[in-house]
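Novice: Give the three-dimensional model of this entry:
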Amino acid sequence: MTSEPVNRVRAVFAMVLLAMLVTGCVTKTDSRFAREADRDKAVENYVQLATAYIGQDNIDRARSHLDRALELAPENPGALAAQGLVYQSEGEPELAERAFKDALDSDPDYTRGRVYYGAFLYGQRRFEEARDQFLAASRDTGYPERASVFFNLGLTEERVGDLDGAVTAYRRAVELSRGDARSLLALSRTLVESGEYQAAARHYSRLITLMQRNRNLRHSPESLYTGIRIARQLGDRDQASSLGLQLKNNFPNSVEYQQYRVMTSNGQ
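Specialist: Numbers count the residues shown, from 1 in each chain. Model prediction:
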């Protein structure tokens, strides 16, 4: 009779102990996840602050935040890529490239890091390598700044001498940006270079309409000279003269004005 109550007590005690162990494990696991979430959020905040400071050319503050981010997560791709920007701004190309590569080694799908690296390579005049990075970045359909990727791709295609590739990239940039000014101008200019004057005129007309609606947009030497070439080719002498006068008055020292003078002196 005495053994049965004892056995029941032991059984109850075992169940309570098991419940305590399970509860303890759950609490510990939840705490670990919470700590990891807090750490990830802190790293994300540090990287965002650092990137903002880089944009303001406040490199000391940027470095301070990146050091904290990398202490918490040494292989975080965002922190490593931002570190590359810091090194780049400080004139340390080897360190910058190493940081960009580390970021992509940590996460090959980190598109923003790939864009940073492509821009770095472009600045180093390594245009074919830059094109490879922008091509890879352009395949990320979820990247929010995809129009800029295609614009940068167009620039690199021009640099490597692939005018058709540049036109294709700029067309995509125009489509994705729904016709922003710089993409429209780049597409118009490369279409002129390709001899596609009618298509160039259509996109240039969109650019002019955009400029008329937005007073913050102003003609540049490039936009004026592109318009002049289109107008002259299509026989619109009045438009060509008007744009030529603006180019002379506003940008007399520009390369485009010198090209315009050569064009008119040769009777082209």
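Novice: quick one, strands of this protein?
Specialist: With DSSP state E, there are no strands along the chain.
Novice: Helices along that one, start to end?
Specialist: For the chain, the helices defined by DSSP state H occupy 3-55, 59-72, 77-89, 93-106, 111-123, 127-138, 146-159, 163-177, 181-193, 197-213, 221-233, 237-250, 255-265.
Novice: packing partners for the second one?
Specialist: Right, helix 59-72. Counting contacts by 3 or more C-beta pairs under 8 Å, 6 or more residues apart in numbering; DSSP states H and E, helix 59-72 packs against helix 3-55, helix 77-89. Every residue, glycine included, has its C-beta placed from N, CA and C.
Novice: buried sites along it?
Specialist: Neighbour counts over helix 59-72 (16 or more other C-beta atoms under 10 Å) mark 59, 62-63, 65-66, 68-70 as buried.
Novice: where does the residue nearest to residue 107 when sequence neighbours are not counted sit relative to residue 104, distance-wise?
Specialist: Of all residues not flanking residue 107 in the chain, residue 77 sits nearest, at 4.1 Å (C-beta to C-beta, 6 or more residues apart in numbering). Noted for residue 77: a distance of 7 Å to residue 104, by C-beta to C-beta, to the nearest Å.
Novice: shared neighbours of those two, which are they?
Specialist: 110, 113 (C-beta atoms under 8 Å, 6 or more residues apart in numbering).
Novice: Name the spans of the chain whose pLDDT lies under the cut-off.
Specialist: Along the chain, the parts satisfying pLDDT under 70 run over 1-36, 267-268.
Novice: what residue lies at the spatial centre of it?
Specialist: residue 115 (5.1 Å; C-alpha atoms, centre = their mean).
Novice: which ones are touching it?
Specialist: Residue 115 makes contacts with 133-134, 137, 145, 148-149, 152, as judged by C-beta under 8 Å, 6+ apart.
Novice: how about these in TSV, adding neighbour count?
Specialist: Shown next, in TSV, are these (neighbours: other C-beta atoms under 10 Å):
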residue	neighbour count
133	27
134	27
137	25
145	15
148	19
149	26
152	23
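Novice: Make CSV from those residues and add distance to residue 95 to it.
Specialist: Shown next, in CSV, are these (distance: C-beta to C-beta, whole Å):
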residue, distance to residue 95
133, 18
134, 22
137, 22
145, 25
148, 25
149, 25
152, 23
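Novice: out of the residues you listed, what pair is the most spread apart?
Specialist: 133 and 145 (14.3 Å; C-beta to C-beta).
Novice: Check the buried residues of helix 59-72 against residue 177 and report the nearest one.
Specialist: Nearest member of these to residue 177, counting by C-beta to C-beta, is residue 62, at 28.3 Å.
Novice: Give the closest residue to residue 119 in space, chain neighbours not counted.
Specialist: Using C-beta to C-beta, 6+ apart, the nearest residue to residue 119 is residue 152, at 6.9 Å.
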